[in-house]
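Novice: no sequence for this one, just the structure:
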């Protein structure tokens, strides 16, 4: 009989211990669920964007955080750390820096684009080395459209296959000079003169600029950057093909339309 009472008491203690374990597990589960609910309730409220020029701040935010859960702090952190970033035209890479659970900074690293050519109803953008970095059906503001070049079949991430590499080298040099002097050009037209030499024509709004050949491009563009403010609102042709670096008091012709 004693042995039976001892066995019954042992079974009773096991049941009590099991209930305690279940109770503790239930409490822990409840705490975890509460913490999870609190974590997933935190949303990003303040966003700063840096490094962008091709896109506005609002466009970058929509492109990077356009998903249903993307502004949830926990989900955004997980996506940024453990998933491949989205592929965005004209953006090489971006990173998200958490300043606090509700505040982030999106740092954008844009592709280096200096010009584009038209090819099979698309615009092919190239960098300072002549590599095609992007294809788009849209014309990017602030990037010059290059016309007058002869080229073959274009492949993304490969050099632009121009017929005359020297000519393209001159165009690349010009686009870099324009960038240094912060001269925004809509179109660069490279054409052959009657003498057979290559000549360059710029289109800036309603103003056409005749640069002549590729000699002294830096000096010509320097002069252009100083003259452009005076031509604001005008339409016509500015002739800088007469530029002479030895002339300390040059004059240039502007013919109104």
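Specialist: Structure received. All values derive from a computational prediction rather than experimental measurement.
Novice: Return the longest strand in the protein, judged by number of residues.
Specialist: strand 91-100 (DSSP state E).
Novice: What helices and strands are in contact with the helix or strand following it?
Specialist: Going down the chain from strand 91-100, the next helix or strand is strand 103-110, by DSSP states H and E. For strand 103-110, the elements it packs on are strand 46-50, helix 57-64, strand 91-100, judged by 3 or more CB pairs under 8 Å, 6 or more residues apart in numbering; DSSP states H and E. From N, CA and C alone the C-beta is placed, and that goes for glycine too.
Novice: hang on, the earlier thing: what's next to the longest strand of the chain, contact-wise?
Specialist: 46, 54-55, 60, 63-64, 73, 76-77, 80, 85, 88, 104-111 (CB atoms under 8 Å, 6 or more residues apart in numbering).
Novice: which of these are buried?
Specialist: 54-55, 60, 63-64, 73, 76-77, 80, 88, 104, 106, 108, 110-111 (16 or more other CB atoms under 10 Å).
Novice: Show me which of those residues is closest to residue 164.
Specialist: residue 111 (25.5 Å; CB to CB).
Novice: residue ranges with poor pLDDT in the stretch 51-200 of the chain?
Specialist: Residues of the stretch 51-200 of the chain that meet the criterion pLDDT under 70 lie in 192-197.
Novice: what's the most distant pair in the buried ones among the contacts of strand 91-100?
Specialist: The farthest-apart pair in those, when distances are taken by CB to CB, is 73 and 111, at 29.2 Å.
Novice: circling back to that earlier point, looking at the helices and strands packed on strand 103-110, spot the one closest to residue 240.
Specialist: Each of those has some distance to residue 240 by CB to CB; the shortest is strand 91-100, at 34.7 Å.
Novice: can you give me the angle the closest one makes with strand 103-110?
Specialist: If you take axes from the mean of the first three to the mean of the last three CA atoms, to 10 degrees, strand 91-100 sits at 160 degrees to strand 103-110.
Novice: I'd say residue 90 and residue 138 touch.
Specialist: No - in this structure, residue 90 is not within contact of residue 138 by CB atoms under 8 Å, at 9.9 Å.
Novice: more crowded one of those two?
Specialist: residue 90 (20 against 9; other CB atoms under 10 Å).
Novice: Can you give me every residue that contacts residue 139?
Specialist: Counted by CB under 8 Å, 6+ apart, residue 139 has contacts 116, 123, 145.
Novice: For it, what are phi and psi?
Specialist: phi -90, psi 120 (degrees, to the nearest 10).
Novice: how close does it get to residue 117?
Specialist: Residue 139 sits 12 Å away from residue 117, going by CB to CB, to the nearest Å.
Novice: how about the helix or strand containing residue 118: buried residues?
Specialist: Here residue 118, judged by DSSP H and E, is contained in strand 115-119. Buried residues in strand 115-119, counted by 16+ other CB under 10 Å: 115, 116, 117.
Novice: Closest one to residue 238 out of these, please.
Specialist: When these are compared for distance to residue 238 (CB to CB), residue 115 wins out at 20.8 Å.
Novice: right, and that closest one touches residue 145 too?
Specialist: Yes - with contact defined as CB under 8 Å, residue 115 counts as touching residue 145 (7.4 Å).
Novice: tell me the helices in the protein, going along the chain?
Specialist: For the chain, helices defined by DSSP state H occupy the ranges 2-41, 57-64, 73-82, 165-180, 217-227.
Novice: Okay, now the sheet partners of the longest strand of the chain, with direction.
Specialist: strand 103-110 (antiparallel) (DSSP bridges).
Novice: re the thing from before, nearest to residue 211, out of the helices and strands packed on strand 103-110?
Specialist: Among those, the nearest to residue 211 by CB to CB is strand 91-100 (31.3 Å).
Novice: If you count neighbours, what's buried in that closest one?
Specialist: So, applying 16+ other CB under 10 Å, buried residues of strand 91-100: 91, 94, 96.
Novice: how distant is that strand from the center of its chain?
Specialist: Centre-to-centre, strand 91-100 and its host chain are 13 Å apart (CA atoms, centre = their mean, to the nearest Å).
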